[in-house]
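Chemist: my questions are about this predicted structure, shown below with the sequence.
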Amino acid sequence: MANAAVSPAALAESLTSLRETEPLIQHLTNRVTINDVANSTLHWGALPVMADGPEDGPEMAHGASAVLLNTGQLNDSLSEAIYETGLAANELGVPVVLDPVGMGSTPTRNELVERLLADVEFAAIKGNYGEITALAGTEAEVRGVESVGEYDEIEQTAQAVAESADTVVVASGDTDIVATADTAYRVAAGHEMMGEVVGTGCILGGTVASFCGGIDDSLRAALHATLAFGLVGERAADDEYSGPASYHTNLLDEIWNLTPEAASDLDVDLEDRVEAIE
């Protein structure tokens, strides 16, 4: 991807596309973070809908611009809805984004994610370092839904998953990785306070889905989504906050505040923030 694709003007163009097209993003996600995911989707300029029933889910996919499948909380009904909605979206040509929350932590999650990977095509897969490593079939340390441990070869791991699933992979961590089978990028954006708020990973998943719903190129969508969310995390820390709760509020506000005009005026060298890995 050319350097021009990570300029303020290019990011502003992506944000403009979201606001002009107002893509409907269907989320099948967990109850812990559902409100934050819905609000962040709306603040980016997309429209959220949380249709996650075994019958309602596949039906809603007919009107969706993108679908997010998040495995953060599973039961038999939601697992069935996730699977059937993924199939329905594929049949309709609707982009599907997978957030395999907790992959590698329980057999139930592993089984569902493996079934999805076998039968559903994805525009993008977003997970933390541990989840992406588990998807690659490599030993990963995942406690609950959190990634712990060291991942020295995460770029290569993300590329391996991208190749096997024929998709774009976002691996979130201290430095985010956006990868295809052929290339990978390190995205240096974000703030340590993001790790003090439950649900920032789910918000990133919703952000990737929102951008995929409004932008035809899935690599551009995933890269701009990851970069934009990291920049929002930094801007939230620039605002006054007294702890995680007030930072959380700032984070949602700054998503809303990152308009196309604000992106065009960013006083940040974005080319320095995105490093192509040779």
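Modeler: Arrived safely, thanks for sending.
Chemist: show me the helices in the stretch 51-200 of the chain, by range?
Modeler: 56-60, 76-92, 107-119, 129-135, 154-165, 200-214 (DSSP state H, counting those that start in this stretch).
Chemist: confirm that Ala245 sits in a helix.
Modeler: Yes: counting by DSSP: H, G, I helix; E, B strand; the rest coil, Ala245 is located in a helix.
Chemist: any figure for the gap between it and Leu204?
Modeler: 20 Å (C-beta to C-beta, to the nearest Å). Any C-beta I mention is one placed from the backbone N, CA and C, and that applies to glycine too.
Chemist: neighbour count: these two, which is higher?
Modeler: Legend: neighbour count by other C-beta atoms under 10 Å for Ala245 and Leu204, higher for Leu204 (27 against 11).
Chemist: test my guess that the more buried one contacts Ser172.
Modeler: Yes: with contacts counted by C-beta atoms under 8 Å, Leu204 reaches Ser172, the gap being 5.9 Å.
Chemist: between these two, which contacts overlap?
Modeler: 126, 226 (C-beta atoms under 8 Å, 6 or more residues apart in numbering).
Chemist: how much space separates Thr106 from Pro100?
Modeler: With C-beta to C-beta as the criterion, Thr106 and Pro100 are 12 Å apart.
Chemist: so the two - more neighbours on which side?
Modeler: Pro100 (27 against 14).
Chemist: where does that one land on pLDDT?
Modeler: Note on Pro100: pLDDT of 96.
Chemist: ok, the closest residue to it other than its chain neighbours to Ser210 distance?
Modeler: Leaving aside its chain neighbours, Pro100 sits nearest to Val113 (4.6 Å; criterion: C-beta to C-beta, 6 or more residues apart in numbering). Using C-beta to C-beta, we find Val113 at a distance of 22 Å from Ser210.
Chemist: more neighbours, these two?
Modeler: Ser210 (31 against 24).
Chemist: pLDDT at that one, what is it?
Modeler: 98.
Chemist: correct me, but it touches Leu18?
Modeler: Yes: counting by C-beta under 8 Å, Ser210 touches Leu18, with 6.3 Å between them.
Chemist: list the contacts for the nearest residue to Ile132 once chain neighbours are set aside?
Modeler: Leaving out its chain neighbours, the residue that sits closest to Ile132 by C-beta to C-beta, 6+ apart is Ala171, at 4.3 Å. Listed by C-beta under 8 Å, 6+ apart, the contact partners of Ala171 are 127-129, 132, 154, 157-158, 177, 179.
Chemist: Val169 bridge partners, please.
Modeler: Bridge pairing for Val169 (DSSP bridges) gives the partners Ile125, Ala179.
Chemist: check contacts around it.
Modeler: Contacts of Val169 by C-beta under 8 Å, 6+ apart are 124-127, 132, 158-159, 161-162, 177-180.
Chemist: just the pLDDT at it, thanks.
Modeler: 98.
Chemist: roughly how far apart are it and Gly213?
Modeler: Counting by C-beta to C-beta - Val169 and Gly213 are separated by 18 Å.
Chemist: Thr175: how many residues sit nearby?
Modeler: Residues contacting Thr175 under the criterion other C-beta under 10 Å number 16.
Chemist: same question for the one 3 residues further on.
Modeler: By other C-beta under 10 Å, 30 other residues sit near Val178.
Chemist: please look at it and Ala162 and confirm they touch.
Modeler: No: using C-beta under 8 Å, Val178 makes no contact with Ala162, being 9.4 Å away.
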